[in-house]
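Q: kindly return the folded structure for what I paste below:
(2 chains)
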Amino acid sequence: MSRPDPGGRPDLDAQGDPRVIRTLGICCAQWSAIATGLSWSVPVAVLRANRVVSANSFARSEGIVVGSTKREAQSRCPMVEVVEHDETRDARVFESIMGALEDVAPRWEVTEPGRCGVPSLGPSRYHGGDRPLADVVRRRVLEALEENFGDAADLMGIGVAIADGPRAAAVVAEEVACSEREYSSVGRTASPRRARGVLCLPRCETAHHLAPLPTSRISAGGMGWGKTSELRDLVDILRRLGLKNLGRFAALEPTDVLARFGPLGRSAHDFARGAEHDRMVLGDIPENFSVSSELDPPADEVDRAAFMAKMLADELHEDLSSRGLACTRILVVAETELGDRIERLWRDEGTLSPTAIAQRARWQLDGWLSSGRTVSRTHGGVSRILLIPDQVVPDNGRQLGFWGERTENRERAMKALARVQAMLGHSAVVVPEWQGGRSPAERYRPVPLETVELDARVGRDDTPWPGSLPPPAPAIVWPVPVSVEVLDSADGRVGVDGRGQITAAPEKVSLDGRNWNEVKSWAGPWCTEERWWDPEAHRRRARIQVVLANNVGEPGIEAAHLLTLESGDWRLEASYD
Amino acid sequence: MVVAAVAKGNKTKGNKADLRSIVEHTKPVSLSVERCLPVLGELQGLFPAGGLQRGSVVELGGGPGITTLAMALLAGATKTGSWVATVGFEQVGGFEQIGWEAAEDLGVNLQHLAAVRCPARKWPTVVASLVESFDLVLCGPEVIPGAADLRRLRTRIRERGSVLMAIPHGWGSVAASGFRSSSSKARGWHGSDIRLEIRECHWWGLGNGWGNLAERRLKVAVDGRGSMNRQRVFEIDFDSRGRIMKSRIKNSQSNSQSNSQSNSQLVAGSHLVSDPPLVQDRSDVPAVVGPAGLDRVG
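A: Next up, the predicted model:
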């Protein structure tokens, strides 16, 4: 589809290209930290795979930055409250905010929990201009936050922006959200365009506003691009070409960009010059692709409804991909037995995969069925689920791997696992995800299959972990450590003194309380002291490795175990089976 | 001819046998290698076909080291893109858990692994639906093998060409108590095609209050049915990072006398590094035994 170049058509430029989507974007900076619901008077850091993904303003003022490790965060601020990242929680809490915004404008698009947008042309006409609309939206968000979290809403960075194009609006909103606090402290007077936490860019000024920003903003998360790795490559090439900011990138000829960087580069270019318009939507979607399913009896619990959504997502995806299409925007609709209908639009440019669709449907249902109740927007159980692909594009970004992730084996495996989930429930299937830690049980953690994007799992980090045991790793890790007895040669209990020395050499060990095994060799103790500054979470442990001989007297059979002493009790932590 | 036979077969039941023979003849030809799931190069010698034969049940047994051996056998298949499911390792309450880090060290691609938590009474249906689509299913110690369930499962495995690997039931509690209890707790899987039994397990690197666990040697007896029914004993060495270094055949008869003899030899050997490399023994490793290279899919 060719479109006129605004640069070459000054008359169009003056009033703006009518096809450009004026968009209002909302960004709640550090949403994951907000969603934890913890008080803002304590520093909070949210971690995923041992990296800080979000921190509240208190924690950031203490020097905790996003991307730092748990250890760094704790060393900078020992009293920091560390919370594991939970996307479902983020989405559930965000749903309560979305509920408050519904009557301001229809058809909100959520890109991820904490960020959403809406085409602003109609609503702004209704509310009497861009600025009044933005003010109303910001007030509603703050009210909803206040209702949920008390009066700390002022401290949370909430940015509302109106600009040309959904991504531009998201970027500007993020910028506003991050600068909100300094803005208020400087205490500038409000202008008709800019107030605290609000920025409305008039038509055609978006490109000008974006120009000084670094090109790396293209690959910044949360803009609904998907395809992060391709974007990172694009940014890297642009940087090496000397195009350091968006303004210089925007100055390139659109045709040249398309020729050199393909459709993805082209849409990034459109974003940079504030000329994002609706992607080519295939006519009016030639066929009705929507899928739906009845739930009888209506589902009150999230699991069952979400499982149905997963099956629908698979069905939808198969249907679309058999026609070479992919979905970039999807409407998740749930109808309740009492006739309520709730719906939410999700957008992701990276063409939504079935897992992504299922995940979003799950978040939605979780939000409606658990927190939606308190806001009393829904009544009764979910009786029908509908997935409507709202925007469909030719799928040009997916290739079945030769050795890669998307192989036939994988598709088959996923189907079998779906059947197993139907039998046993959604939490029955887990996959390992790297987390890291000192004790063997912490290093990999099991996560439910549905809550992770399989290809985006964090890989093992081979950098040394202070305080962890040397390899080999134990083959069995006991999640609930078993109590054991460790005795010395005089049948006295073996302990570890305050200096970290063992009181006597262990002679025999009983793993089940009845049979005694002779200790052939042992080493240790290795002491760890974790979180000594925190009286509640403080853990002091000493570990020893033992090789035990068989009590039956069979030579040649040795069993190695990892034993842990904590508050006077020996436990079997892991076995080198 | 085929069409004619099919048309005939539709009409009369008596021609079913004819049809079957036609199916036999028109099946695609495949190499015996393709009927195997690959295993790590160091472990190929353990199997006459050079890998885990599709459609077979592999049973593990014996003393400490079972879990490590099971994971080592998963490694080859996951590396070449097969998906692996484990069942019956972690109960919902949380009893035993595979050390995934150890599995990764052994070469398992964790991206291709899914663990299923399954209540004991439901495992036959769950495993049955898993073997439909997974190349390899590892049954953990929570799975109780019943004779009837096993029979049904075996037919399905043979049809689908997957491999079922089983750790004896109750191994979790046995492992916690330390050792093999041949008498009671660990219940075996009867009627397996291949049985790997851990005879010995040795550790190096740990002294009296010093060092840390490092190298390890497992002695594994391999026995089975059909082409596998000659018992052989292998030694598998693991390095200090938990990876397999090498394996070699130890003896080819099942002779309890020679076993006890080699036991004493091994105990006398002080350290893995000081052991003389048994290069001449490697000539005993059968290069490729088993069926001829060209075969039909079974």
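Q: and A:Ala91, which of the three is it?
A: The three-state label for A:Ala91, taken from DSSP: H, G, I helix; E, B strand; the rest coil, comes out as helix.
Q: I'd guessed it sits against A:Leu365; true?
A: No: counting by C-beta atoms under 8 Å, A:Leu365 is not a contact partner of A:Ala91; they are 9.9 Å apart. In this view, the C-beta of every residue, glycine as well, is placed from N, C-alpha and C.
Q: which residues touch the nearest residue to A:Gly467 once chain neighbours are set aside?
A: Spatially, and ignoring its direct neighbours in sequence, A:Gly467 is nearest to A:Arg438 (4.6 Å; C-beta to C-beta, 6 or more residues apart in numbering or on different chains). With contacts defined as C-beta atoms under 8 Å, 6 or more residues apart in numbering or on different chains, the neighbours of A:Arg438 are A:Trp465, A:Gly467, A:Ser468, A:Leu469, A:Thr528, A:Glu530.
Q: so the last one sits against A:Pro466, correct?
A: So that's A:Glu530. No: counting by C-beta under 8 Å, A:Glu530 sits too far from A:Pro466 to count as a contact (11.3 Å).
Q: quick one, which of those two is more surrounded?
A: When A:Glu530 and A:Pro466 are compared for neighbours, A:Glu530 comes out ahead with 15 against 7, by other C-beta atoms under 10 Å in any protein chain shown.
Q: ramachandran coordinates for the more buried one?
A: Reported as degrees, to the nearest 10, the phi and psi values for A:Glu530 are phi -110, psi 140.
Q: across the sheet, point out what pairs with it.
A: Listed beta-bridge partners, A:Glu530: A:Arg539 (assigned using DSSP bridges).
Q: pretty sure A:Ala33 sits against A:Val42.
A: No: distance between A:Ala33 and A:Val42: 10.9 Å, which falls outside the contact criterion (C-beta under 8 Å).
Q: more neighbours: those two, which one.
A: A side-by-side neighbour count of A:Ala33 and A:Val42, using other C-beta under 10 Å, places A:Ala33 first with 30 against 12.
Q: quick one: contacts for that one?
A: A:Val44, A:Ala45, A:Val46, A:Ser54, A:Ala55, A:Asn56, A:Ala59.
Q: name the helices or strands packed onto the helix or strand where A:Leu234 lies?
A: Remark: A:Leu234 resides in helix A:228-240, with elements defined by DSSP states H and E. When contacts are defined as 3 or more C-beta pairs under 8 Å, 6 or more residues apart in numbering or on different chains; DSSP states H and E, helix A:228-240 packs onto helix A:254-272.
Q: next SSE downstream of the helix it packs on?
A: As assigned by DSSP H and E, the chain's next helix or strand after helix A:254-272 is strand A:291-299.
Q: strand partners of that next one, parallel vs antiparallel please.
A: strand A:382-394 (antiparallel).
Q: in PDB, could you pull the C-alpha coordinates for whichever strand or helix holds B:Val222?
A: Under the criterion of DSSP H and E, B:Val222 resides in strand B:216-224. What follows is the C-alpha trace of strand B:216-224 in PDB, where atoms were taken according to Å, rounded to 0.1, in the frame of the first residue of the first chain:
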ATOM      1  CA  ARG B 216      32.000 -40.500  39.900                       C
ATOM      2  CA  ARG B 217      31.900 -43.900  38.400                       C
ATOM      3  CA  LEU B 218      28.800 -46.000  37.900                       C
ATOM      4  CA  LYS B 219      28.800 -49.600  37.000                       C
ATOM      5  CA  VAL B 220      25.700 -50.500  35.000                       C
ATOM      6  CA  ALA B 221      24.500 -54.000  34.000                       C
ATOM      7  CA  VAL B 222      22.500 -54.000  30.800                       C
ATOM      8  CA  ASP B 223      20.100 -56.900  30.200                       C
ATOM      9  CA  GLY B 224      17.100 -57.300  28.100                       C
END
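Q: direction included, what does that strand pair against?
A: Every partner of strand B:216-224, by DSSP bridges, with its direction: strand B:194-203 (antiparallel), strand B:232-238 (antiparallel).
Q: for chain A, give me its nearest residue in the stretch 151-298 of chain B.
A: Using C-beta to the nearest C-beta, B:Gly242 is the residue of the stretch 151-298 of chain B that sits closest to chain A, at 3.1 Å.
Q: and that residue, helix, strand or coil?
A: Of the three states, B:Gly242 takes coil under three-state DSSP.
Q: pretty sure it contacts B:Glu104?
A: No: B:Gly242 is beyond contact range of B:Glu104, at 9.3 Å (criterion: C-beta under 8 Å).
Q: pick out whichever of the two has more residues nearby.
A: For B:Gly242 versus B:Glu104, neighbours defined as other C-beta under 10 Å are more numerous around B:Gly242 (27 against 22).
Q: now that one: how far from A:Leu563?
A: Counting by C-beta to C-beta, to the nearest Å, the gap from B:Gly242 to A:Leu563 is 19 Å.
Q: and A:Ala313, by the same measure?
A: A:Ala313 sits 47 Å away from A:Leu563 when distances are taken as C-beta to C-beta.
Q: repeat for B:Glu101
A: From B:Glu101 over to A:Leu563 the distance is 19 Å, taken as C-beta to C-beta.
Q: next, the buried residues of stretch A:538-546.
A: Neighbour counts using 16 or more other C-beta atoms under 10 Å in any protein chain shown place A:Arg540, A:Arg541, A:Ala542, A:Arg543, A:Ile544, A:Gln545, A:Val546 of stretch A:538-546 among the buried residues.
Q: counting neighbours, what do you get for B:Glu159?
A: Around B:Glu159 there are 12 other residues, counting by other C-beta under 10 Å.
Q: ok, it - contacts?
A: With contacts taken as C-beta under 8 Å, 6+ apart, B:Glu159 has the following neighbours: B:Gly55.
Q: list phi and psi for it.
A: With angles defined as degrees, to the nearest 10, B:Glu159 sits at phi -60, psi -50.
Q: can you read off the pLDDT for it?
A: B:Glu159 carries a pLDDT value of 85.
Q: what does the one 4 residues further on give?
A: B:Val163 carries a pLDDT value of 91.
Q: which residues touch it?
A: Counting by C-beta under 8 Å, 6+ apart, B:Val163 touches B:37, B:52-58, B:77, B:135-137, B:157.
Q: out of these, which sit inside strands?
A: By the criterion of DSSP state E, membership of the contacts of B:Val163 in strands covers B:Leu37, B:Leu52, B:Gln53, B:Val57, B:Val58, B:Leu136, B:Val137.
Q: so can I have TSV of these showing distance to chain A?
A: Listed next are these as TSV, based on distance: C-beta to the nearest C-beta, whole Å:
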residue	distance to chain A
B:Leu37	11
B:Leu52	15
B:Gln53	18
B:Val57	18
B:Val58	17
B:Leu136	11
B:Val137	10
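Q: between all of those, which two are separated the most?
A: Put simply, by C-beta to C-beta the two of these set farthest apart are B:Gln53 and B:Val137, 14.8 Å from each other.
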